[in-house]
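1. any chance you can model this:
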Amino acid sequence: MKLGIIRCMQTEDFCPGTMDFKVIKERKGAFENVTEDIELIGFTSCGGCPGKKAVLRARELVKRGADTIAFASCIQNGNPIGYPCPFARKMKDIVQKDLKDEEIRFIDYTH
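-> Here you go, the predicted structure:
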């Protein structure tokens, strides 16, 4: 798995991604059943509300080799600030639509 992670820009001041990297290394959370090697291609933000830059950033992750895009738990679950992204579903939908011609796996959370 060649993994690109998109995170919430609002949480950058609170979270350096430590838990995301830990669950990848320890094969926990969304990576619990992954048996193949995991190579982290990139870790970037959505670009800020309403997440419109996520498409361009996902494209760049794929261009650099990602075959899997994960939306970090800060987007879906609101970790660590307790406020899930109100644009999460739309953001994922537009990224999936944009990358429909690529063979990309999508993961809704990290931990």
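
2. and for stretch 11-18, what's in contact with it?
-> Residues outside stretch 11-18 that contact it (CB atoms under 8 Å, 6 or more residues apart in numbering) are Ile5, Arg7, Phe43, Ser45, Ala72, Cys74, Asn79, Pro80, Ile81. (C-beta placed from N, C-alpha, C; glycine too.)

3. looking at it, the second one is touching Gly48, isn't it?
-> No - under the criterion of CB atoms under 8 Å, Arg7 makes no contact with Gly48, lying 11.4 Å away.

4. what about these two, which has more around it?
-> Arg7 (22 against 13; other CB atoms under 10 Å).

5. now the more buried one: closest residue in space, sequence neighbours ignored.
-> Ala72 (4.0 Å; CB to CB, 6 or more residues apart in numbering).

6. now do His111
-> Gly29 (3.7 Å).

7. count the residues that sit near that neighbour.
-> 17.

8. ok, it - contacts?
-> Val23, Ser73, Tyr109, Thr110, His111.
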